[in-house]
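Visitor: Return a 3D structure for these sequence lines:
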Amino acid sequence: MPAKIFGERWEIIKSLSEGGQGFIYLVKNLLDKDDNIYVLKRLKRADRKDRFEREIEAIKNTDSPYITKILDASTTEDKDFYFVMPYIETTLNDILTQLKADFLRCLKILKKICLGVESAHKNKPQIIHRDLKPLNILIDEKDDPLVIDFGICHLDKPERFTMSQEQVGSRFYIAPECENGRSEEIGPHTDIYSLGKVLYAMISGGKIFSRERQNEDEFNLEKKLDNKRTKFITEIINNCVQKDINKRYINVGNLIASVDEKIGLIEDGFYPLNYGNEFCRFCGKGKLENFGQLRGSILQRGSSQRDILPYRMIIWGCPECGIAYIFKDDIYGPKKDLIP
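Guide: Sure, this is the predicted structure:
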């Protein structure tokens, strides 16, 4: 039975869970005048001491509002090994059903998660989480996430603590290079793979798949969701969830840029270019109509005019939103519809 009080200040309120590496308790600070609640993680197995210390080092070395903080820690040999973190009751996993098909909300949460992960990747030494999943991401009432559980993280240092043949991470979320403990292949791309899976879990309302099956009929979001903007989401997922690391985003910064781009397009009312040239690129609903070839003349330098007809510019209009497009006939639209 563990001590009721750790470090002469952290009093156990109740046990929360027990994992392979440690015990998790809900505690209060006896030195606090308020009633704040915290989480204390206590080492369970002595042979995991190095890994436990690595988790503490990883968290302490990151500086991001989206990664949990270490409030107190003890790694003294003759005492309990533990560390204390802020307490947030809800995990991302708890709200997956609420997030289903809420593209903007999911993308904005993902961006914050990515900012936290990017901070870890930029750390010296570099920190690769390797176990990103909804259960390892806390979420508060403002949709601000906190990445937790760096117990199997990879530090880019000469010494490595994970056994070379030990698989790490949760099987539905881990990158292929994490299988069989292939630590020499670990890098930022490893977390990028898992971030794509996390996005899929949010958009799908909690569904997940093994390996790279996101485009199969059973898991294809574009076929499962009745939303023409789903293409924006699958583009991100497909640039993360790839077996070949060279087909993933180069770094988390590129992923964040892509997420920002999609947020902007959705907020501005745009639809993806995935319904063929016959559909409106703005509203995605109306079927474009050919209004014929643009006629007239254009002004050139020196106020001279030049006939525009030889450029063969075609006007297309959307009956749904009223927007008009001008395209060259050799790029867009059948030539048979041209007005001579």
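
Visitor: Would you mind listing where the stretch 1-150 of the chain has pLDDT under the threshold?
Guide: 1-3, 20, 77-78 (pLDDT under 70).

Visitor: ranges for the strands of it?
Guide: All strands of the stretch 1-150 of the chain, identified by DSSP state E, counting those that start in this stretch, fall at 5-6, 10-18, 22-29, 37-43, 72-74, 82-86, 127-128, 137-139, 145-147.

Visitor: Can you check which of these gets nearest to N215?
Guide: Proximity to N215 (C-beta to C-beta) singles out strand 137-139 among the strands of the stretch 1-150 of the chain, at 24.9 Å. Using the backbone N, CA and C atoms, a C-beta is placed for each residue, glycine as well.

Visitor: domains of this structure?
Guide: Domain ranges of the chain: 5-86, 92-267, 289-337, per automatic domain parsing.

Visitor: Any chance of JSON lines for the ones you listed, columns mean neighbour count?
Guide: Below are the domains of the chain laid out as JSON lines (neighbours: other C-beta atoms under 10 Å):
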{"stretch": "domain 5-86", "mean neighbour count": "16"}
{"stretch": "domain 92-267", "mean neighbour count": "18"}
{"stretch": "domain 289-337", "mean neighbour count": "13"}
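
Visitor: and those as CSV, adding distance to F282?
Guide: CSV is the format used below for those (distance: least, C-beta to C-beta, whole Å):
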stretch, distance to F282
domain 5-86, 34
domain 92-267, 11
domain 289-337, 5
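
Visitor: where does E289 fall, phi/psi-wise?
Guide: Backbone torsions for E289, taken as degrees, to the nearest 10, come to phi -110, psi 140.

Visitor: how close does D80 get to L16?
Guide: Relative to L16, D80 is positioned 16 Å away (C-beta to C-beta, to the nearest Å).

Visitor: Reformat the strands of the stretch 1-150 of the chain as JSON lines; add distance to K243.
Guide: Below are the strands of the stretch 1-150 of the chain laid out as JSON lines (distance: least, C-beta to C-beta, whole Å):
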{"stretch": "strand 5-6", "distance to K243": "44"}
{"stretch": "strand 10-18", "distance to K243": "33"}
{"stretch": "strand 22-29", "distance to K243": "33"}
{"stretch": "strand 37-43", "distance to K243": "34"}
{"stretch": "strand 72-74", "distance to K243": "38"}
{"stretch": "strand 82-86", "distance to K243": "34"}
{"stretch": "strand 127-128", "distance to K243": "18"}
{"stretch": "strand 137-139", "distance to K243": "24"}
{"stretch": "strand 145-147", "distance to K243": "24"}
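
Visitor: Any idea which of those strands gets closest to T97?
Guide: Taking the strands of the stretch 1-150 of the chain one by one with C-beta to C-beta, strand 137-139 is closest: 13.4 Å.

Visitor: So which other helices or strands are in contact with the closest one?
Guide: With contacts taken as 3 or more C-beta pairs under 8 Å, 6 or more residues apart in numbering; DSSP states H and E, strand 137-139 sits against strand 145-147.

Visitor: and if we set it to 10 Å?
Guide: Packing contacts for strand 137-139, counted by 3 or more C-beta pairs under 10 Å, 6 or more residues apart in numbering; DSSP states H and E, involve helix 103-122, strand 145-147.

Visitor: will you turn the ones you listed into TSV that also has distance to D260?
Guide: What follows is the helices and strands packed on strand 137-139, written out as TSV (distance: least, C-beta to C-beta, whole Å):
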stretch	distance to D260
helix 103-122	7
strand 145-147	17
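
Visitor: closest to Y271 out of those?
Guide: Y271 lies closest, by C-beta to C-beta, to one member of the helices and strands packed on strand 137-139: helix 103-122, at 11.8 Å.

Visitor: distance of Y82 from R211?
Guide: Using C-beta to C-beta, one gets 37 Å for the distance from Y82 to R211.

Visitor: do you know how far the closest residue in space to G116 that isn't next to it in sequence is from L110?
Guide: Among residues not flanking G116 along the chain, Y66 sits closest, at 3.1 Å (C-beta to C-beta, 6 or more residues apart in numbering). From Y66 across to L110, the span is 11 Å (C-beta to C-beta).

Visitor: so what's in contact with those two at the same time?
Guide: Counting by C-beta atoms under 10 Å, 6 or more residues apart in numbering, the common neighbours of Y66 and L110 are P145.

Visitor: residues contacting G205?
Guide: I95, L96, T97, Q98, L99, K100, A101, D102, K224, L225.

Visitor: Which residue is the nearest non-sequential neighbour of it?
Guide: K100 (3.0 Å).

Visitor: The helices and strands packed on strand 137-139: which one's closest to L31?
Guide: Nearest to L31 among these is strand 145-147 (23.2 Å), distances taken as C-beta to C-beta.

Visitor: residues making contact with the closest one?
Guide: Contacts for strand 145-147 (C-beta under 10 Å, 6+ apart): 59, 62, 64-69, 85-86, 88, 91-92, 109-117, 119-120, 129, 131-132, 134, 136-140, 191, 198.
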